[in-house]
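Peer 1: A structural model of the following input is requested.
(2 chains)
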Number of protein chains: 2
Amino acid sequence: MSSKVVGILGGGQLGRMLAASASLLNIQVIVLDVGVDAPAKQIIASSSHIDGSFRDKDKIVELASKVDVLTVEIEHVDVEALEAVQRSHPNVAIHPSPSTIRLIQDKFHQKEHLSSVGCPLGPFQAVDGTPEAIAHAAKELGLPLMLKSRTMAYDGRGNYVLRSTDSQSVAAAIHFLGSGSRDLYAEKWVPFVKELAVMVVRGIDGTVSSYPAVETVHRASICHLVWAPFRLSSIDQDPALPTKAERVAREAVEKAFQGAGVFGVEMFLLNDGEILVNEIAPRPHNSGHYTIEACESSQYDNHLRSILGLPLGSTRIKVGAAGMLNVLGSSNDTSKSFASSSSLFFSDDSLVDKLTHIALSTPGASPHLYGKAQSRKGRKMGHITIVGTSDAEVRERMTPLLTCIAEFEGDSQSAQPSSFNPSHLLGYSHPHPLITIIMGSDSDLPTLLPATQILTKYFPSIPFEVTLVSAHRTPIRLVNFAKSAAARGIQVIIAGAGGAAHLPGMVASLTGLPVVGVPVDSKSVSGGGGGGLGGVDAMWSILQMPRGIPVATVAINNSTNAALLAVRIISAGQPHLATQMEDYLQRLGEEVETKVDVMGKVGWAKYGK
Amino acid sequence: MSSKVVGILGGGQLGRMLAASASLLNIQVIVLDVGVDAPAKQIIASSSHIDGSFRDKDKIVELASKVDVLTVEIEHVDVEALEAVQRSHPNVAIHPSPSTIRLIQDKFHQKEHLSSVGCPLGPFQAVDGTPEAIAHAAKELGLPLMLKSRTMAYDGRGNYVLRSTDSQSVAAAIHFLGSGSRDLYAEKWVPFVKELAVMVVRGIDGTVSSYPAVETVHRASICHLVWAPFRLSSIDQDPALPTKAERVAREAVEKAFQGAGVFGVEMFLLNDGEILVNEIAPRPHNSGHYTIEACESSQYDNHLRSILGLPLGSTRIKVGAAGMLNVLGSSNDTSKSFASSSSLFFSDDSLVDKLTHIALSTPGASPHLYGKAQSRKGRKMGHITIVGTSDAEVRERMTPLLTCIAEFEGDSQSAQPSSFNPSHLLGYSHPHPLITIIMGSDSDLPTLLPATQILTKYFPSIPFEVTLVSAHRTPIRLVNFAKSAAARGIQVIIAGAGGAAHLPGMVASLTGLPVVGVPVDSKSVSGGGGGGLGGVDAMWSILQMPRGIPVATVAINNSTNAALLAVRIISAGQPHLATQMEDYLQRLGEEVETKVDVMGKVGWAKYGK
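Peer 2: Below is the predicted model of the structure:
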């Protein structure tokens, strides 16, 4: 039995998942929250749990007297009580440190502090809760203007987007944010192209590591979706963005805060590649739920390890890709329900129920329900993590869940349209490809079409894209394309080229991905520059790469084999994909067997006539 | 809140992990076991848990009155009580069915039943517990003879290996198995080459699916290690063995037992490829612990889903490979401890403690401690699951744990020697390779050595093997080699050949793995059959493969690029490996930059002189 006891201020879903990690190591946990049935208390049997508020000084001291380490699952705790515990219970470690929690609690102070240590931030300023002050801030920072409560703002509470400075709009803002709202500040609207998040973990010895950067999608300021890892959506984005996001997050934590534990760093990615820090939470974070199923150690494992002074766990992602959907309460009115109410047995909320059922039918999906006593519109009731071998597979698996939400809301916009049905995409590029097929000229397209056809026909689960990249006419596009490929999630590049055929080799010199080269007989295509060499010119250009930079060369014009090679590459070590290739090989054999039969029956003299 | 309540007979580690899965779905669980602090009770707070034995009729009825579904985590329950519940509580579902549990409890009846439905089994027979009967059985079945108690035999209890029929040996067997041991049976010793296990899951609707076959390693009849997935250890083994093991296991469950739930099927693999069923447990099983971290849904998730009539979860393995080490109590005498006793705080058992600490420092390792009140020699106190991208990585990560056990026991044999340190293996094949390098003749070796050198120097974490396979001189070896490659865990095949150079293409026609072909200039090597064509003969033979069977061809004699291509293939989609290739590319560039400097400084006229 462990001799160290961990006390958690707060018994919600984060505390629950932290307790689950603790039970793996047989570490005793005591939870302070109101009620005997808080989510975290349900899954860790203890007569020592404390019924009371994590803002109650006396209860915090009572908890401190029972534990060796204090931590929080919510930052809205009584900091003065924690500071008093620091003095009265010098042997009780508190992580994150009370000074960090104090800083975090006032979002304006947090921003000032982050700014003072050099974190990249958008413009912001304090503002009184008067119409005049708000109008003044809007004039300085522009519209729309983000108005935020300095304290107690989370999950959409305390955030207001001001779109006009007419008196009615300003009055509405003041009303929403609370009448006595001197406690405000304003942020210049950040025209982000994506929101990113990185979980950072710091050990007691100061060691800092980070999980992969993820993309977060918010609706009404509440986390809706997380896609891991973050992928570039265009070849024009800086391929170093994912590592840059991790570095910005690590540096923010290192410079700005003290103490051990995990930190959720939310960021904005701007159009020009700049990354701004938005907010930091000194605890496990919604954007890190996916780590339970997708990483070698979860954020909860690592929070516990760090506050207990144990070695930090690996933050490596162990699956190809992951997605996380928050399951929010749909309504306070439980009479609003789906027709199929017969299947309701996980919660009293029909949407929560429906999503859980869909998740149970979705391969790779892990539903988490938090055991909250009552559903409420917008309340976090659970989440669903989906893992898969590729971004495309994760999105395909997520689609029925998003469709369900869209149907419930009567809003077809909120479902992602990128279903994986290949007939949707026939002749067009998949938005999340594993294979990219490029050629130097559109005159090469007929030679490369067989690659697309064999992929579509026999390997519909492997998504691909097709585009033009010319080594000699678009050299900068070539560099951008090759440099960004891996960060876009591409796993194999097929490059077709005729004549001097520099494309495959130049691409290979700019990426660490495997490149398959298809020598094109330029004479065989209209407008080709070949001189009747039958593609041998391109073949030698692609094949005889110098030592250090390999290109996988296939036969002249044989894009079919290039596609099949790409499938073999993607399938290697993935039993469920390898089966597809074995089936294909068997079919090839059966075709010949059929011909054997026919030749035997009709005789070779009449065969084929 | 779920309206269905699950009752578990038994509150040990299997019940604990089942309860953890239940809490994810917010499903209420009530546990029947002795004590208020049984492992399963610790992690599911409930005032309804029952303090009593799972063999106590009244307690079982009490549990039945509180739940909708009854299940077991141990098969040694009171079956008559369950049958009575079937009659008295028709609305309470019982999975596995009492008839299945009854069959399983008596191992001799289990064997008779499995035999009657056509399962492949080794010879066995009932035997009285008398010296005469045992001697008779030994005469019929041969020595060594496996003597087993028909009931209550597990984790080594009730199993005895009789090696001689002298009266002293027979008396020792009778003594070990209990004095009143009429309840025996004998099994012919099975000369297995490996022990395998498959977790099978059956839904209420009869749907059956299976997890990948795994290799299990026992010590003193107790599960010691699990390696997932099961890999062939030689090219002479049937490549269909992994799927055959799954099929044998599924068929055994389908034919022999009723009811929903997961079933652990233990099997023997014989030298000739035959697979015999050893035992079946109708519940989550030690050989399936790895599924928690390594599969899309765990065996515990799936047991719950199946007994509740929910859709079954995906059994796909989501990592490259996994290993599981049981953490057994080391001693009843807690004074026997390691020197570093300062770090002991997880348990009162110093070996358990030490292993837990090593696991915390091992990337990809997830320690599970069961919260058992007291350690005892051989008692299952916890387990450690290790995931990784390859068999080699998992074994490398496991090595410090096995070394620790060996040191504790003063037995260097029990540690696996296959450390991943490449200097161990310089010039020799790794036992768990990802890349295989083959050539038609040893005269090709000098041409292929650069491939081995670049792998060893720059990519030491990617294990490889080197061997000879000749298309024309060892055609059967070629077939066996290619067919078994994927099932041995190989991900890329590099094949070098000169002259007619059939090797790469023929290998590619027999496997779904990517094959990289290196055309060898046969004239350049002694004994080569080339006719002064400079390797162009081999190049065309490898390059111009027919549509359907691709070979990735590299430049003539350029085995360096073949190795680099193999690394690119293995690294695609694995960020931690891709970094190695990017570093290599950068180093190539830096070498040229250095030369730029030198040429600028000394002038081109004197450069290199």
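Peer 1: for the stretch 451-600 of chain A, which segments count as strands?
Peer 2: With DSSP state E, counting those that start in this stretch as the criterion, the stretch 451-600 of chain A has strands at A:464-468, A:492-498, A:515-520, A:552-553.
Peer 1: got the buried residues for the third one?
Peer 2: In terms of neighbour count (16 or more other C-beta atoms under 10 Å in any protein chain shown), strand A:515-520 has its buried residues at A:515, A:516, A:517, A:518, A:519, A:520. Where you see a C-beta, it was placed from the backbone N, CA and C, and this is true even at glycine.
Peer 1: what's opposite the third one in the beta bridge?
Peer 2: Looking back up the chat, that one is residue A:517. Per DSSP bridges, the residues bridged to residue A:517 are residue A:495, residue A:553.
Peer 1: look up how far residue A:540 lies from it.
Peer 2: 11 Å (C-beta to C-beta, to the nearest Å).
Peer 1: just the second one next, same as before
Peer 2: Using C-beta to C-beta, we find residue A:516 at a distance of 17 Å from residue A:540.
Peer 1: repeat that for the last one.
Peer 2: In this structure, residue A:520 and residue A:540 are 13 Å apart, going by C-beta to C-beta.
Peer 1: before we move on, what about the fifth one?
Peer 2: Look at residue A:519 and residue A:540: by C-beta to C-beta, they are 8 Å apart.
Peer 1: elements contacting the longest helix along chain A?
Peer 2: Criterion DSSP state H: the longest helix present in chain A is helix A:575-602. Helices and strands touching helix A:575-602, by 3 or more C-beta pairs under 8 Å, 6 or more residues apart in numbering or on different chains; DSSP states H and E, are helix A:559-571.
Peer 1: and the angle from the helix it packs on to strand B:492-498?
Peer 2: Relative orientation of helix A:559-571 versus strand B:492-498 (axes from the mean of the first three to the mean of the last three C-alpha atoms, to 10 degrees): 130 degrees.
Peer 1: helices along the stretch 101-250 of chain A, start to end?
Peer 2: A:107-116, A:131-141, A:167-177, A:241-256 (DSSP state H, counting those that start in this stretch).
Peer 1: and the residue of the stretch 1-150 of chain A found nearest chain B, how many residues sit next to it?
Peer 2: With C-beta to the nearest C-beta, the shortest gap between the stretch 1-150 of chain A and chain B falls at residue A:26, namely 3.8 Å. Number of residues near residue A:26 (other C-beta atoms under 10 Å in any protein chain shown) recorded here: 23.
Peer 1: what's the helix or strand for it?
Peer 2: Using DSSP states H and E, residue A:26 maps to neither a helix nor a strand.
Peer 1: look up phi and psi at it.
Peer 2: When read as degrees, to the nearest 10, the backbone of residue A:26 gives phi 60, psi 40.
Peer 1: right, and the helix or strand after the helix or strand of chain A with the lowest mean pLDDT?
Peer 2: Within chain A, confidence by mean pLDDT, DSSP states H and E is lowest for helix A:422-425 among all helices and strands, at a mean of 62. Next in sequence after helix A:422-425, counting helices and strands by DSSP H and E, comes strand A:435-439.
Peer 1: show me what from the stretch 201-350 of chain A comes close to chain B.
Peer 2: Proximity of the stretch 201-350 of chain A to chain B (C-beta under 8 Å from any C-beta of the partner chain) is limited to residues A:212, A:229, A:296-297, A:301, A:305, A:310-311, A:313-314, A:316-320, A:345-348.
Peer 1: in stretch A:469-480, what counts as buried?
Peer 2: So stretch A:469-480, judged by 16+ other C-beta under 10 Å, has buried residues A:469, A:470, A:471, A:477, A:478, A:479, A:480.
Peer 1: what's the neighbour count on residue A:361?
Peer 2: 12.
Peer 1: now residue A:468
Peer 2: By other C-beta under 10 Å, the residues close to residue A:468 number 15.
Peer 1: what sits against it?
Peer 2: A:438, A:439, A:440, A:441, A:442, A:474 (C-beta atoms under 8 Å, 6 or more residues apart in numbering or on different chains).
Peer 1: what's the closest non-adjacent residue to the last one?
Peer 2: Setting aside the residues directly before and after it, residue A:474 is nearest to residue A:468 in space (C-beta to C-beta, 6 or more residues apart in numbering or on different chains), at 7.8 Å.
Peer 1: count of neighbours near residue A:47?
Peer 2: Based on other C-beta under 10 Å, the number of other residues close to residue A:47 is 7.
Peer 1: next, it: secondary structure please.
Peer 2: With DSSP: H, G, I helix; E, B strand; the rest coil as the basis, the three-state label of residue A:47 is coil.
Peer 1: so what pLDDT did residue A:158 get?
Peer 2: You'll see residue A:158 listed with a pLDDT of 84.
Peer 1: skip the chain neighbours and tell me the closest residue to it.
Peer 2: Excluding its sequence neighbours, the residue lying closest to residue A:158 (C-beta to C-beta, 6+ apart) is residue A:149, at 3.4 Å.
Peer 1: name the element the nearest residue in space to residue A:373 that is not next to it in sequence belongs to?
Peer 2: Excluding the flanking residues, the one nearest residue A:373 by C-beta to C-beta, 6+ apart is residue A:37, at 6.5 Å. Per DSSP H and E: residue A:37 is located in neither a helix nor a strand.
Peer 1: contacting residues for the spatially closest residue to residue A:159 that is not a sequence neighbour?
Peer 2: Spatially, and ignoring its direct neighbours in sequence, residue A:159 is nearest to residue A:221 (4.8 Å; C-beta to C-beta, 6+ apart). If you count contacts by C-beta under 8 Å, 6+ apart, residue A:221 has them with A:155, A:156, A:159.
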